[in-house]
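1. 3D, please:
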Amino acid sequence: MKTAFFAAAAFCASALPLAAGDLLVTVARPSNLYVFDAGDRSVKSDCDLGANVTPGVIAMSPDNRIAYVLLNHWQDVVGVDIETCETVFHAAQSDGDVTRRSLASLAVSKDGSRIYTVRNPVRKLTDRYEVMQPEFAVYDAAAGLEATPAAVFEAPRRSTLMATDRNGLVYVAGHDLYRVDPATGNTEVAIANASWDRPAYSPPDVLAFWPTGSQNDEMLLMYTAAVFTDETQQEMADFVWGYQSVDLTTGETGIADFASFEVLMFSAVRSAVDPNYLYGVYTQLSKHNLETRELVKRVDLPHTYYVINVSSDGREIYVGGTNDDIGIYDSETLERTGEIRIPSGGDMSVSTLHVVPQG
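-> Numbers count the residues shown, from 1 in each chain. Down below sits the predicted model:
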């Protein structure tokens, strides 16, 4: 039966790219981690993780060999070899009467030696739940299948996405975008969100759930905000989309508006060859020129997609999550050129869609 599913998944491909050279990594119900060859749209690995994988958040090791996944309703972290499906790491974050969940908060150090989560502990008492201080947890990637934290520090509340830079620091999205030293737990604001100093703007709304930007070695978040005619905020001039980015090579940060709010977008990615172009997705696929702040093109999609990514050569756009298909689009024309079906028929929910370069 599995062979038939794999054949069906490959058959679903229509036009093939000239040279993709990428793998696509995602998870889907009921309990599967999938690795697809982006070039011929075939299934390379189907790993049964034996637990609920959604909502699925994945962080790749620097060598792109190990996929770290939040499992068991965000309570556990597992590391899986994407070629052999062997589980090489497991951390059960809950214990006793304390449940700890990491709400999309997962990252791997650039040297692959450390795994980071932000854990939200809740103690179950006989008559109530006790909400405890969130924890920034540091794990040794070589700790095996019964891993416990090597260090734990206090963390900001409402933490979601995480990313690591080449200076050894960790970025955490929350009320603000924080920069954390994992050796000491020292935390500072890298990009102000709730506390930003933009007098003619409302506070921003930032949906930080899907890790994108790995091809550009950046952490990329989008925001929406009202823009007023002046600091009194009595008359609105526009409602805008903007983006925030952290250059994970240098640690430099940036923030800029790029479009009026015309459609909803859940996630975005910049071109791997020209970061002046940003692609956003939800019920439409949009291409924006960040330099001119112009909408280049927008096309309707056959259904909602939550997550977006781009091929390493910049030629293809991949949209996933939500249902059981990954849509493939030409990055220039936004024409749909193919799709990959999930062999199990299970949906991807809000899962991560990683693009992993080969070679």
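2. Now tell me which helix or strand of this protein has the poorest mean pLDDT.
-> helix 2-11 (a mean of 40; mean pLDDT, DSSP states H and E).
3. Return the set of buried residues in stretch 304-317.
-> 305-317 (16 or more other CB atoms under 10 Å). The way it works is simple: take the backbone N, C-alpha and C, and place the C-beta from them, glycine included.
4. coming back round to it: C-terminal to the least confident helix or strand of the chain, which secondary structure element comes first?
-> Next in sequence after helix 2-11, counting helices and strands by DSSP states H and E, comes strand 22-28.
5. Could you list every helix and strand in contact with that next one?
-> On a contact count with 3 or more CB pairs under 8 Å, 6 or more residues apart in numbering; DSSP states H and E, strand 22-28 meets strand 32-37, strand 58-60, strand 316-320, strand 354-357.
6. strand partners of that strand, parallel vs antiparallel please.
-> strand 32-37 (antiparallel), strand 354-357 (antiparallel) (DSSP bridges).
7. can you give me how far the last one is from the chain middle?
-> Spelled out, it's strand 354-357. Relative to the centre of its chain, strand 354-357 is centred 12 Å away, using CA atoms, centre = their mean, to the nearest Å.
8. next one: stretch 58-77
-> 11 Å.
9. Residue ranges in the protein under the pLDDT threshold?
-> Residues of the chain meeting the criterion pLDDT under 70: 1-20, 359.
10. Which residue lies nearest the spatial centre of it?
-> Note on the chain: the residue nearest the mean C-alpha position is residue 211, at 1.9 Å, using CA atoms, centre = their mean.
11. you'd agree it is up against residue 161?
-> Yes: shown here, residue 211 and residue 161 form a contact pair, counting by CB atoms under 8 Å, at 5.8 Å.
12. Can you work out which residues contact both of these two?
-> residue 219 (CB atoms under 8 Å, 6 or more residues apart in numbering).
13. For residue 129, the count of nearby residues, please.
-> 10 (other CB atoms under 10 Å).
14. Which residue is the nearest non-sequential neighbour of it?
-> Nearest non-adjacent residue to residue 129, counting by CB to CB, 6 or more residues apart in numbering: residue 122, 5.3 Å away.
15. In contact with the one you found, which residues?
-> 98, 99, 100, 129, 130, 131, 132.
16. Would you agree residue 346 falls within a helix?
-> No: under DSSP: H, G, I helix; E, B strand; the rest coil, residue 346 sits outside any helix and is assigned coil.
17. who does the strand or helix carrying residue 139 pair up with?
-> Element membership for residue 139 (DSSP H and E) is strand 135-140. As defined by DSSP bridges, the strand partners of strand 135-140 come to strand 114-124 (antiparallel), strand 151-154 (antiparallel).
18. Could you identify which of the ones you listed is most buried?
-> Stretch with highest mean neighbour count among the strands paired with strand 135-140: strand 114-124 (a mean of 22; mean count of other CB atoms under 10 Å).
19. Heading C-terminal from it, find the next helix or strand.
-> Proceeding N to C from strand 114-124, the next assigned helix or strand is strand 129-131, under DSSP H and E.
20. which strands and helices sit next to that following strand?
-> strand 114-124.
21. Pull the distance from the strand it packs on to the chain's centre.
-> Using CA atoms, centre = their mean, the offset of strand 114-124 from its chain centre is 18 Å.
22. Going forward, the N-terminal residue is numbered 425.
-> New numbering, starting at 425: the last item is strand 538-548.
23. could I have that strand exported to PDB, CA atoms only?
-> Written as PDB, here are the backbone C-alpha positions of strand 538-548 (Å, rounded to 0.1, in the frame of the first residue of the first chain):
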ATOM      1  CA  ARG A 538      22.700  22.700  21.300                       C
ATOM      2  CA  ILE A 539      18.900  22.600  21.000                       C
ATOM      3  CA  TYR A 540      16.800  25.400  22.500                       C
ATOM      4  CA  THR A 541      13.200  25.600  23.500                       C
ATOM      5  CA  VAL A 542      11.000  28.000  25.400                       C
ATOM      6  CA  ARG A 543       8.800  25.900  27.700                       C
ATOM      7  CA  ASN A 544       5.500  27.100  29.300                       C
ATOM      8  CA  PRO A 545       5.000  25.100  32.500                       C
ATOM      9  CA  VAL A 546       1.600  24.600  34.100                       C
ATOM     10  CA  ARG A 547       1.200  22.700  37.400                       C
ATOM     11  CA  LYS A 548      -2.000  20.700  37.700                       C
END
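24. beta partners of residue 511?
-> According to DSSP bridges, beta-bridge pairing links residue 511 with residue 504.
25. Touching, it and residue 502? I think so.
-> Yes: with contact defined as CB under 8 Å, residue 511 reaches residue 502; the gap is 5.6 Å.
26. which residues do the two both contact?
-> residue 473.
27. okay, these two: which has more neighbours?
-> Remark: of residue 511 and residue 502, residue 502 carries more neighbours, 25 against 17, as counted by other CB under 10 Å.
28. need the contact list for the more buried one.
-> Here residue 502 is in contact with 473, 492, 493, 495, 511, 513, 514, 515 (CB under 8 Å, 6+ apart).
29. Alright, I will stop here.
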